[in-house]
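make a model of this:
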Amino acid sequence: MRPRTLLLLLLLNASIGRAQPALDTLNALYAGSTTFRIDRQDRLVMDHFNEGRRIEQTVIALSGLDESSLRTDSLTMQLHICCTEGSGRCISRESFKQACITRTKKAELALSPENMQRVRQAFSGILDGRRSMTYVQPVKP
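Okay, the predicted model is just below:
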């Protein structure tokens, strides 16, 4: 294995490890209706379930988000996640019911009134953990 590839894998694993407490918090707050994880391409993957079946998957490129990307709406009880200006459509939503994939700049996540602040803090923790890491661009062999 090349040294650059090894370094990239180590940094990616460290990034995932730093975000793990925030991911655990989100998974506990949503109690199985939505699960959260970060994949090897540094994307946040949210699997949405209904009656035990996965109905939708939302994949968000973390490189396209920052703290200003998150907005809570207490009227609709949602967390709005928006891509930054230069990142284009950094969100992919796959609906398994309709068998379609859509790329978009915005995603919403339902919130309960008592968990609104904790969900926002967990998302901020994921973004802070990512920002504190030094990322090396992958080099093609």
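
hey, let's count contacts and neighbours off CA atoms from now on
Will do.

what's the helix or strand for the spatially most central residue of the chain?
The residue lying closest to the centre of the chain (CA atoms, centre = their mean) is L44, at 2.7 Å. Applying DSSP states H and E as the criterion places L44 in strand 43-50.

quick check: next helix or strand after the least confident helix or strand in the chain by mean pLDDT?
Scoring the helices and strands of the chain by mean pLDDT, DSSP states H and E places helix 3-30 at the bottom, with a mean of 65. Next in sequence after helix 3-30, counting helices and strands by DSSP H and E, comes strand 34-38.

quick one: strands adjacent to that next one?
Strand pairing for strand 34-38, using DSSP bridges, gives strand 43-50 (antiparallel).

with just CA atoms, put the helix or strand just after the partner strand into CSV.
Where DSSP H and E defines the elements, the next helix or strand beyond strand 43-50 is strand 53-61. C-alpha atoms of strand 53-61 as CSV (Å, rounded to 0.1, in the frame of the first residue of the first chain):
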residue,chain,number,x,y,z
ARG,A,53,-38.5,-1.2,6.2
ARG,A,54,-36.1,1.3,4.7
ILE,A,55,-38.0,3.7,2.6
GLU,A,56,-35.5,6.3,1.8
GLN,A,57,-31.8,7.1,2.0
THR,A,58,-30.3,10.6,2.1
VAL,A,59,-26.6,11.0,1.4
ILE,A,60,-25.0,14.3,2.1
ALA,A,61,-21.4,15.2,1.1
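
show me which residues of strand 53-61 are buried.
Residues of strand 53-61 classed as buried: R54, I55, E56, Q57, T58, V59, I60, A61 (neighbour count, 16 or more other CA atoms under 10 Å).

again with stretch 113-133
M116, V119, R120, A122, F123, S124, G125, I126, L127, G129, R130.
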